[in-house]
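Asker: here's a sequence, model it:
(one chain, ligands or ions: 2)
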Amino acid sequence: GITRHYKFDIKMKSVTRLCQTKSIVTVNGQFPGPTITAREGDRVVVKVINHVQYNVSIHWHGVRQLRSGWADGPAYITQCPIQTGQSYVYNFTIIGQRGTLFWHAHISWLRVTLYGPIIILPKREVLYPFPQPYKEIPIIFGEWWKADTETIINQALQTGGAPNISDAYTINGLPGPSYNCSAKDTFKLKVKPGKTYLLRLINAALNDELFFSIANHNLTVVEADAVYTKPFNTNTILITPGQTTNVLLKTKNHHPNATFLMAARPYATGPATFDNTTTTSILEYHHPNKTNQVTKLPLLRPSLPKFNDTTFATKFIKKLRSLANSKFPAKVPLKVDRRLFFTVGLGLNPCTNVNQTCQGPNNTMLAAAVNNVSFIMPNTAMLQAHFFNQSKGVYTTDFPTNPPFKFNYTGNPPNNSKVVNGTKVVVLPFNTSVELVMQDTSIIGAESHPLHLHGFNFFVLGQGFGNFNPNKDPAKFNLVDPVERNTVGVPSGGWVAIRFLTDNPGVWFMHCHLEVHTSWGLKMAWIVMDGKLKNQKLPPPPKDLPKC
Ligand code: C2O
Ligand code: CU
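Answerer: Numbering: from 1, shown residues only. Ligands and ions are numbered 1, 2, ... in the order given. Next up is the predicted model:
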């Protein structure tokens, strides 16, 4: 591989959307941010220089970071933030991965405007295991607020209540014609007839799962979270925040110069209020010989499932299978060293100060927790503390590997849903095969949680609704061709089972990729110890690692 150098100048930029101008945090003044392109095996070196008043850090979402945990990016987990006027060089090699991922800020809510695609091409001369596309197009979904970032963050952190709701969804940073004064701000994809396009879909939205569809066109799913899948056709894609999906779009042979709408809108299971708007962009056919013949056909709209169409969502998720052939085998760990059971969901905490909206009964507010622990961010980096054996006062290793009490998780709220606050981790030896069942508790609200694991891909063995049954459900696990990914939706009122191998030493964050749930504490961390061999150890930190 070669080395690819990038320079990310973090600076403010005035951007107008929905008739309102505000100053946003950007990379190099671009919104969405620049695309990182590399090939499998390349080294990527990104110098990030912070010119804004906020602390920043950048995460390369889905990049395995094999023995390069110092470059992973979540603030206070693997590094202290990059302070104003400071810089940090992220340096990592892309090993055994190719496909679509994305980068985003990993501190506070800065990823609302700080994000961009990561495209990892196969090694030179290596073909895709599907028809070679004529062109490749990144399509990155986001959320836009009219309010400034400061206000959004303060609302999210102070209220402890319902999330502040975005004003629009965006496709490649543009809301599109379904919103007021946004006709100009519409992403347009110009295509030729009879060609195959690879659309690299990325959900960088903060708080919403999305359905995506193109009027009159079928899509073929070929990859999820930068792992090839068995191809299947669908007219609608479901994508959670933190997930990426590659689809092939075959343009029709004999179309006039027509235009079609592409649209995305949320999938939401909870009764909670959310941004129920639709973002659209345009697919425009250009015939090589009839350039001036623009037929004024009405824009065809795709039909998207209803916002709470769980039947569609479940069917779609079950179609996702890894390719699992001799060239791309599914390396599912067949033996299990550790079995863990995590409840994930919202719970209640006593209201402690007047700034909070106490929406729960008896003066309680919403909190989010894993096994009833609501994670508190430490004020120094956990990876450093771990590496230098200075964990005292930073974190404790008593994260419960089972919930503190058992009940009907999908039933009525129990009395003891009170959560504890703490910076707790699970410590695992190198090369441990972990089976983790995540059970949604549905205590308050009923939203699915897209759980994202740093540092690893995992296999999704099974999922279901209701309570996980340890005596019956494992018999149905798919150990043959389970989809391999880095972010999985824990279904509302249900469970999901995953398996991964701890082949990557370091401190690895795991959290809900709905930003509002993460803020409320739906997050935890794993520590994977060094192995015995030299190539199983985490090297010392780079000299310029930021200090807190
Ligand atoms: Cu995409 Cu921890 O994040
Ligand atoms: Cu969540």
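
Asker: ignoring the adjacent residues along the chain, who's closest to whatever residue of the stretch 151-300 of the chain ends up closest to ligand 2?
Answerer: Closest approach between the stretch 151-300 of the chain and ligand 2, counting by C-beta to the ion: residue 207, at 8.8 Å. Any C-beta I mention is one placed from the backbone N, CA and C, and that applies to glycine too. Distances taken as C-beta to C-beta, 6 or more residues apart in numbering put residue 514 closest to residue 207, at 4.8 Å, once the chain neighbours are dropped.

Asker: tell me which stretches of the stretch 251-400 of the chain form strands.
Answerer: Assigned by DSSP state E, counting those that start in this stretch, the strands in the stretch 251-400 of the chain fall at 259-267, 279-285, 338-350, 364-370, 373-375.

Asker: got phi/psi on the residue sitting nearest the centre point of the chain?
Answerer: Geometric centre of the chain, nearest residue: residue 242, 1.0 Å, by C-alpha atoms, centre = their mean. Backbone torsions of residue 242, given as degrees, to the nearest 10, read phi 90, psi -10.

Asker: for residue 379, which non-adjacent residue is spatially closest?
Answerer: residue 548 (6.3 Å).

Asker: now for that neighbour, how many residues are close by?
Answerer: By other C-beta atoms under 10 Å, the residues close to residue 548 number 14.

Asker: list the contacts for residue 104?
Answerer: 58-59, 61, 111, 114-116, 204 (C-beta atoms under 8 Å, 6 or more residues apart in numbering).

Asker: one more: residue 436?
Answerer: 339-342, 458, 497-500.

Asker: where does residue 138 land in three-state SS?
Answerer: strand (DSSP: H, G, I helix; E, B strand; the rest coil).

Asker: where's the residue nearest to residue 207 relative to residue 418, distance?
Answerer: 22 Å (C-beta to C-beta, to the nearest Å).

Asker: hey, where'd the helices end up in the stretch 301-450 of the chain?
Answerer: Using DSSP state H, counting those that start in this stretch, the helices of the stretch 301-450 of the chain run over 310-319, 382-387.

Asker: reformat those as TSV; add mean pLDDT and mean neighbour count.
Answerer: Output for these, formatted as TSV (pLDDT from 0 to 100; neighbours: other C-beta atoms under 10 Å):
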stretch	mean pLDDT	mean neighbour count
helix 310-319	96	16
helix 382-387	98	22
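
Asker: dump those to TSV, plus distance to residue 462.
Answerer: Shown next, in TSV, are these (distance: least, C-beta to C-beta, whole Å):
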stretch	distance to residue 462
helix 310-319	10
helix 382-387	31
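
Asker: what's the closest of the ones you listed to ligand 2?
Answerer: helix 310-319 (15.3 Å).

Asker: re earlier: how about the contacts made by the residue nearest to residue 207?
Answerer: Shown in contact with residue 514 (C-beta under 8 Å, 6+ apart): 206-208, 241, 447, 449-450, 522.

Asker: again, but for residue 525
Answerer: Contacts of residue 525 by C-beta under 8 Å, 6+ apart are 77, 375, 382, 395, 425-426, 507-510.

Asker: wait, which of the residues you listed is closest to ligand 1?
Answerer: residue 509 (5.2 Å; C-beta to the nearest ligand atom).

Asker: how many other residues sit next to residue 406?
Answerer: 11.

Asker: ok, now how distant is it from residue 474?
Answerer: From residue 406 across to residue 474, the span is 18 Å (C-beta to C-beta).

Asker: can you pull the pLDDT of the residue of the stretch 151-300 of the chain at minimum distance from ligand 1?
Answerer: In the stretch 151-300 of the chain, the residue found nearest to ligand 1 is residue 242; the distance is 4.9 Å by C-beta to the nearest ligand atom. Residue 242 carries a pLDDT value of 98.

Asker: separation between it and residue 55?
Answerer: 22 Å.

Asker: just residue 286 next, same as before
Answerer: 46 Å.

Asker: find the closest residue to ligand 2 in the stretch 251-400 of the chain.
Answerer: residue 368 (6.6 Å).

Asker: how close does that residue sit to residue 419?
Answerer: In terms of C-beta to C-beta, residue 368 sits 8 Å off from residue 419.

Asker: residue 274 contacts residue 207, correct?
Answerer: Yes. Using C-beta atoms under 8 Å, residue 274 makes contact with residue 207 at a distance of 7.3 Å.
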